[in-house]
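Novice: just to be clear, the model below is a prediction. Sequence and coordinates:
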Amino acid sequence: MRFRKRSASILVILLLLAASVFAASPGLVSYQGRLADGAGIPLSGNHSLTFNIYSLAVGGAPLWTETQNPVVVDDGLFNVLLGGISPLNDALFSSANRFIGVQVNGGAELAPRRQIVTVAYAFTAVEADSTTWSGIKGIPAGFADGIDDVGAGGGGDITAVNTSGGLTGGATTGDANISIANGGVTAAHIGDGQILNADINATANIDASKIGGTAATLSRSNAFASANQFNSTLEVCDSTIRMDCNGISIGRNITPSATYLVQSRRNYSSELARYGFYTSLYNTGTGSVYGSYSSAIASTLGDAGSGIVYGSYSLGESDNATRYGSYSVCSSRNPALTTGKSFGHYASAFDGESAYGVYARATSASFGYGVFAESEANSIIGYGVYCTVTNSNQGTAVSALAYQNTQPSYGVDASAENNGASGVGVLGSATSNGGTGYGIYGVASINTTDDWAGYFTGNVNITGTVFMPAKMTRIDHPLDPENKYLVHNTVESSEMTNLYSGNAVLDGGGEAVVTLPDWFEAANKDFRYQLTCIGGYAPVYVAEKITGNQFKIAGGSNGLEVSWQIMAVRNDQYAKANPMNAVTDKRPFERGKYRFPEVFGLGKDRAVDSFDPLSDMEARRAERELLSKQGPDRPTEDETNEE
């Protein structure tokens, strides 16, 4: 079904928005038209019609739109009321130029648009819009001159304005100005006989002798013998300290905030160190001393509120300088002392859905470190980061995630460099677990290029058994090293060898030529042949050795099947640069030691590894057990619940 661009014609438009003296306007416009297909045949049935009103005959955005579905079309004719879905208003017709366009069943708008014209009775509304004051019918007598000079009670003009009760001024005619007479304000005019803050000028200097019941006097020392309550702002010195019912501000003349109970603010341009908050406490007894103790607690036990509680919140901002959100130092007064514990920062989180002992976040920087930890100049062991998880349903000592970064990213980046003894970049150990133990467990999946559960650059030393479904060797292709790899399954041998095999059927002359891959001679040398007859016997032999990546079998009969096998020594560039020696001498520090001393009936002290990761892990485990039993010093329950 197709529509001609001019298939819709406007038969009648009734604009009923105009005001009428006979009835209220229904706010609808009647619209009729005729629809036909491209051949001029009238349409019938239900159709979806979209009507748009524009200020232009061509182009422009619609001022109003409405879709009616279904619209019944009978022999091409339809009749709709516009405004029943998207209301019309008089502002839409504030201009005489309005045009209507129609779309049928979501198609292109029919052309041309039709101009909306005025219905005959709407001229009454036009006349009402232009009628002058004198042309209005039925005006009350009091409005005949255009001025309402009759009061609600039928009275006339005000004849006089009189004053009393402390007021002065007034007049019998014209403008009447009224003011308070000198001495006109008496006790009778003050509510309850009280002088309130609003009654006193802001710059008034009231003598202290006239203010009773308080010791807050001016220009003299004050002693408060009893409790005093200040319900407004108290300013000290040059307003560097201000207090009111909201809180305290220190440092400069700023209004105390209801958000921050205590504020310390000051502008400095100095090379000297400045401290917004400084505490110094000396402990001369055995109790605990806290240089700074912060506690933020929900108001009521069992509160279901979702507000955030910060025990301590720090923010450090500067430009082109070092910034510390929080800087903590804890040390022994005697540097030579080796007893007692020092916590640069101690954080504890417990209860709730999620608990974070330390939550660190670094954003929008050139180099961002969520946590940067250093441990140096320690006499025994130093831990940059030390993590334990105990007594949990499932524990992960370290969980690292590199997420949605634009460059190659690392969940964990660990290195051991410039150490006096052995260095281990990542040390993993799993012992004494109820199930399977994984020293290191790697998973890689659904990556764009390759999935490497483990990727090593350099030699890999494995002292246990390797279980795998396949063992592959992948090298640069000898004939196309820039674009291709050559992949082989490996063969256990005292040489770097490759093994190839296949079957060949001899022709009528008892011969067969076996064609090998085009890279065969480039990747191998020193070929060794084996031939085996299948289903019969014949003195088959290699008639022609490998040349041009093929060799020839002869000495059989027509149709005899021969299985062949070739063993070859690797001759690729990597194999030539890294020749294999089946027997090598142990290095001096390995002599007298064994890779597997236990199979020779010897103890672990005869192991070839000079650094024993398992022994080190045992020491770490013992230290963790000690910490879990005694625990670090922390505030008592009574202290953490102080208010």
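Specialist: Now that the structure is in, tell me what you want to look at.

Novice: where's the nearest residue to residue 292 once chain neighbours are set aside, which helix or strand?
Specialist: Nearest non-adjacent residue to residue 292, counting by Cβ to Cβ, 6 or more residues apart in numbering: residue 279, 5.8 Å away. To be clear about C-beta, it is placed using only N, CA and C from the backbone, and glycine gets the same treatment. Residue 279 is located outside every helix and strand, with elements delineated by DSSP states H and E.

Novice: hey, where'd the strands end up in the stretch 251-400 of the chain?
Specialist: Taking DSSP state E, counting those that start in this stretch, the strands of the stretch 251-400 of the chain run over residues 262-264.

Novice: helices along that one, start to end?
Specialist: Shown for the stretch 251-400 of the chain, no helices are assigned by DSSP state H, counting those that start in this stretch.

Novice: low-confidence ranges in it?
Specialist: 299-307 (pLDDT under 70).

Novice: one more: the chain?
Specialist: For the chain (pLDDT under 70), the answer is 1-26, 118-157, 191-194, 196-199, 206-232, 238-239, 299-307, 469-470, 609-643.

Novice: how about the helices in it?
Specialist: 123-130, 520-523, 573-577, 613-630, 637-640 (DSSP state H).

Novice: residue 37 pairs with what?
Specialist: Note on residue 37: beta-bridge partners by DSSP bridges are residue 3.

Novice: count of neighbours near it?
Specialist: 14 (other Cβ atoms under 10 Å).

Novice: for residue 240, same thing?
Specialist: 15.

Novice: can you verify my assumption that it contacts residue 254?
Specialist: No - counting by Cβ atoms under 8 Å, residue 240 sits too far from residue 254 to count as a contact (9.8 Å).

Novice: which ones are touching the nearest residue to residue 294 once chain neighbours are set aside?
Specialist: Among residues not flanking residue 294 along the chain, residue 312 sits closest, at 4.2 Å (Cβ to Cβ, 6+ apart). When contacts are counted by Cβ atoms under 8 Å, 6 or more residues apart in numbering, residue 312 touches 292, 294, 326.

Novice: can you put those residues in JSON lines and add neighbour count and distance to residue 550?
Specialist: Converted to JSON lines, these look like this (neighbours: other Cβ atoms under 10 Å; distance: Cβ to Cβ, whole Å):
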{"residue": "292", "neighbour count": "10", "distance to residue 550": "85"}
{"residue": "294", "neighbour count": "9", "distance to residue 550": "84"}
{"residue": "326", "neighbour count": "10", "distance to residue 550": "76"}
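
Novice: how about those residues in JSON lines, adding distance to residue 60?
Specialist: Listed next are the contacts of residue 312 as JSON lines, based on distance: Cβ to Cβ, whole Å:
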{"residue": "292", "distance to residue 60": "68"}
{"residue": "294", "distance to residue 60": "64"}
{"residue": "326", "distance to residue 60": "61"}
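
Novice: and of the residues you listed, the nearest to residue 546?
Specialist: Residue 546 has its nearest neighbour among the contacts of residue 312 in residue 326, at 73.8 Å by Cβ to Cβ.

Novice: from residue 56, how far off is the residue nearest to that closest one when sequence neighbours are not counted?
Specialist: Residue nearest to residue 326 in three dimensions, not counting chain neighbours: residue 314, with 4.1 Å by Cβ to Cβ, 6+ apart. Distance of residue 314 to residue 56, computed by Cβ to Cβ, to the nearest Å: 62 Å.

Novice: show me which of the two is the more surrounded one.
Specialist: The neighbour count for residue 314 versus residue 56, taken as other Cβ under 10 Å, is higher for residue 56 (12 against 9).

Novice: quick one, what contacts residue 603?
Specialist: Contacts of residue 603 by Cβ under 8 Å, 6+ apart are residue 597.

Novice: quick check: residue 189 vs residue 180, distance?
Specialist: Counting by Cβ to Cβ - residue 189 and residue 180 are separated by 9 Å.

Novice: and for those two, which residues touch both?
Specialist: Common neighbours of residue 189 and residue 180 (Cβ under 8 Å, 6+ apart) are residue 166.

Novice: looking at the two, which one has more neighbours?
Specialist: Each of residue 189 and residue 180 has its neighbours counted (other Cβ under 10 Å); residue 180 has more, 14 against 10.

Novice: surely the more buried one meets residue 169?
Specialist: No - Residue 180 is beyond contact range of residue 169, at 9.5 Å (criterion: Cβ under 8 Å).

Novice: quick one, what contacts the closest residue to residue 510 other than its chain neighbours?
Specialist: Spatial nearest neighbour of residue 510, excluding adjacent residues (Cβ to Cβ, 6+ apart): residue 556 at 4.3 Å. Residue 556 sits next to 506, 510, 511, 533, 538, 540, 562 when contact means Cβ under 8 Å, 6+ apart.

Novice: again with residue 525
Specialist: 568, 569, 571.

Novice: okay, and the beta partners of it?
Specialist: residue 569.

Novice: and residue 87, how far from residue 81?
Specialist: Counting by Cβ to Cβ - residue 87 and residue 81 are separated by 12 Å.

Novice: and these two? Which one has more around it.
Specialist: Neighbour tally, residue 87 and residue 81, criterion other Cβ under 10 Å: the higher count belongs to residue 81, 15 against 11.

Novice: number of residues surrounding the nearest residue to the more buried one once chain neighbours are set aside?
Specialist: Using Cβ to Cβ, 6+ apart and skipping residues adjacent in sequence, the residue nearest residue 81 is residue 28, 4.6 Å away. Counted with other Cβ under 10 Å, the neighbours of residue 28 add up to 17.

Novice: likewise for the one 4 residues further on?
Specialist: With neighbours defined by other Cβ under 10 Å, the count for residue 32 comes to 14.

Novice: distance of it from residue 466?
Specialist: For residue 32 relative to residue 466 (Cβ to Cβ), the value is 87 Å.

Novice: could you do residue 102 as well?
Specialist: Distance from residue 102 to residue 466, by Cβ to Cβ: 78 Å.

Novice: more crowded one of the two?
Specialist: More crowded of residue 102 and residue 466, by other Cβ under 10 Å: residue 102, with 22 against 7.
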